[in-house]
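S.K.: Compute the structure for the input listed below.
(one chain, ligands or ions: 1)
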Amino acid sequence: MKEKYYISTAIAYTSGKPHIGNTYEIVLADAIARYKRAKGYDVYFQTGTDEHGEKIELKAKDAGLTPKEFVDNVSTDIKRIWDVMNTSYDKFVRTTDELHEKQVQKIFKKMYDKGDIYKGEYKGLYCTPCESFWTESQLVDGKCPDCGREVEEASEEAYFFRLSKYQDKLVDYINEHPEFIQPESRKNEMLNNFIKPGLQDLCVSRTSFTWGIPVDFDDKHVVYVWLDALTNYITNIGFDVDNPSETFNKYWPADLHLIGKDIIRFHTIYWPCFLWSLDIELPKQVFGHPWLLTNNDKIGKSRGNAIYADDLADLVGVDAVRYYVLHEIPFANDGNLTYELLVERYNSDLANILGNLVNRTISMAKKYFDGVVPAANNLEEVDKDLINVVTSTVSKVDESMDNLRVADAIDNVFEIFRRSNKYIDETCPWTLAKEGNTERLQTVIYNLLESIRIGSVLLHSFLPETSEKIFKQLNTDLTDYESINEFGKLVVGNTLNDPEPLFVRIDKDKFLEELQK
Ligand code: ME8
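M.R.: Residues are numbered from 1 along each chain as shown. Presented below is the predicted three-dimensional model:
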């Protein structure tokens, strides 16, 4: 029996086309999901779209469409971009799916029957774009703490969820489960800034607009968008208040909710309390990843500085975009995207370090051995050092991935390629060829080919297409994790395919000039 691993991303708002920052998240989740699959887990990877709320209702009106037409279009576009990015999600969910809507109604009713939801009146300061009510003390400079926009006084009859009831339990839980909120700095922020000052009951219904899931026993109310959105994680794997499915029992609790740092609060305060109200376990971990900035500025759909993943992929290819976002955003700090940096990384890391290595090695194998994998002979110190770097990288990648340090993991993999390039400089195969030192040349070429193969197995979680292209050139089907538990499994005597450039160097000035146009 394989161990299960359930990973989810946030479900993206269908208010507009997702920018490269939103897309980073699905790529990050994809790298983790692919890695876990490669390690033998039974992975369930869920993503999708968050489609209700006032903001979307207004956007649809502006576009002259019904809300459903509007979200159908945007959700389709989001899915298309996730597919362009070669993400291997198992399920793409939508909050307008009938199954989800029905379960949300049942969940709301169960919470109401239990006394965790009650009817009251809401008075507060409301931020329309964020669909959040705030208290005076939460505002920053009198404005919405999330988006910095104006808030306005609003009041409405509403249902409330008794968040206050769970306050002590939540503090204890977070303290007793230090792994629950990642990175850890976020844990202290949640405890000190949000939970300890006191949890107020949460308004969980709205009457001021209609684009939402109706409360079935009081249908002038629609369910608050975050209660609707968060429950996607359980409804879509078959949660039912009366009779949860086998799939639910198998996959829940989720192993990882991967989300952005701005919505940690919803996932580590509201979500645990909702789950307790339903008497079900909490997800094992919530990781609030940092953000991608463009030119060191926040990306905003409305700021006009949005860059889109599909446009970037047209310019430099899908794997170059994947590489950039995975490599450039460290575990806990925001990363930056500029076209200059994108081209620099492309040229230095992908074209030079990886592309050249593979091309040079396969070409040498063709030239010196007719493309037949030669056998390695006696190992010298330099060979042992290369082999040591390659084999120790396998456990380094494991450690980085186990700690969700994906940027470190991809860097670990590139250490193999960097070391291999150095090995070429150290062993000078062309000199060995000239000297007729065939035995030594065989060893060097074999070690290079095998290092590339092992590097490509590790690379697959991050740059699947590139990795597959390398396997094809190596003409090998030894592509799984089992095949890299020791150095030397690449089969001697096998014939390689022709070398094909993986990443063609980009002329930076020309590229930037073209962009300007
Ligand atoms: O928040 N860099 O949807 P969303 C990296 N529907 N990640 C970013 C980012 C950036 N510049 N900007 C946004 C929502 N994100 C809700 C989620 S989940 C039950 C409901 C991340 O479309 C953001 O943090 O605004 C979130 O995790 C995801 O993109 C979708 O954002």
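S.K.: ok, now which ones touch residue 506?
M.R.: When contacts are counted by C-beta atoms under 8 Å, 6 or more residues apart in numbering, residue 506 touches 316, 343, 346, 347, 351. Where C-beta positions appear, they are placed from N, C-alpha and C, glycine not excepted.
S.K.: Restricted to strands, list those residues.
M.R.: Using DSSP state E, no member of the contacts of residue 506 falls in strands.
S.K.: Next, format the residues you listed as a markdown table and append neighbour count.
M.R.: Shown next, in a markdown table, are these (neighbours: other C-beta atoms under 10 Å):
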| residue | neighbour count |
| --- | --- |
| 316 | 20 |
| 343 | 24 |
| 346 | 26 |
| 347 | 19 |
| 351 | 20 |
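S.K.: Specify which member of those residues is nearest to residue 201.
M.R.: Checking these against residue 201 with C-beta to C-beta, the nearest one is residue 316 at 49.2 Å.
S.K.: Would you agree the closest one is in contact with residue 347?
M.R.: No - the criterion here is C-beta atoms under 8 Å, and residue 316 misses it with residue 347 at 10.2 Å.
S.K.: follow-up on the earlier one: can you add pLDDT and distance to the ligand and give the contacts of residue 506 back as CSV?
M.R.: Output for these, formatted as CSV (pLDDT from 0 to 100; distance: C-beta to the nearest ligand atom, whole Å):
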residue, pLDDT, distance to the ligand
316, 97, 19
343, 97, 21
346, 98, 20
347, 98, 24
351, 98, 26
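S.K.: Sketch out the low-pLDDT regions of the stretch 351-500 of the chain for me.
M.R.: In the predicted model, the stretch 351-500 of the chain carries no residue with pLDDT under 70.
S.K.: What ranges does it have for its helices?
M.R.: Remark: helices assigned in the stretch 351-500 of the chain by DSSP state H, counting those that start in this stretch are 357-369, 381-402, 406-427, 429-435, 438-459, 464-474.
S.K.: on contacts alone, who are the packing partners of the first one?
M.R.: If I follow you right, that is helix 357-369. Judged by 3 or more C-beta pairs under 8 Å, 6 or more residues apart in numbering; DSSP states H and E, the packing partners of helix 357-369 are helix 406-427, helix 429-435, helix 438-459, helix 464-474.
S.K.: Taking helix 406-427 as reference, get the angle to it.
M.R.: Taking axes from the mean of the first three to the mean of the last three C-alpha atoms, to 10 degrees, one finds helix 357-369 and helix 406-427 inclined to each other by 30 degrees.
S.K.: quick one on the thing from earlier: out of the helices of the stretch 351-500 of the chain, which comes closest to the ligand?
M.R.: Smallest distance to the ligand across the helices of the stretch 351-500 of the chain (C-beta to the nearest ligand atom): 13.2 Å, for helix 406-427.
S.K.: Sort out which residues of the closest one are buried, please.
M.R.: 406-417, 419-421, 423-424, 427 (16 or more other C-beta atoms under 10 Å).
S.K.: likewise stretch 211-225?
M.R.: 211, 212, 213, 214, 215, 221, 222, 223, 224, 225.
S.K.: Go through the residues you listed and name the one nearest residue 373.
M.R.: residue 225 (57.4 Å).
S.K.: ok, the residue lying closest to residue 508 once chain neighbours are set aside - contacts?
M.R.: Leaving aside its sequence neighbours, residue 508 sits nearest to residue 343 (C-beta to C-beta, 6 or more residues apart in numbering; 4.7 Å). Residues near residue 343 by C-beta under 8 Å, 6+ apart: 316, 506, 508, 511, 512.
S.K.: any idea which element the second one lies in?
M.R.: Of the helices and strands defined by DSSP states H and E, none includes residue 506.
S.K.: Distance check, residue 336 against the ligand.
M.R.: 11 Å (C-beta to the nearest ligand atom, to the nearest Å).
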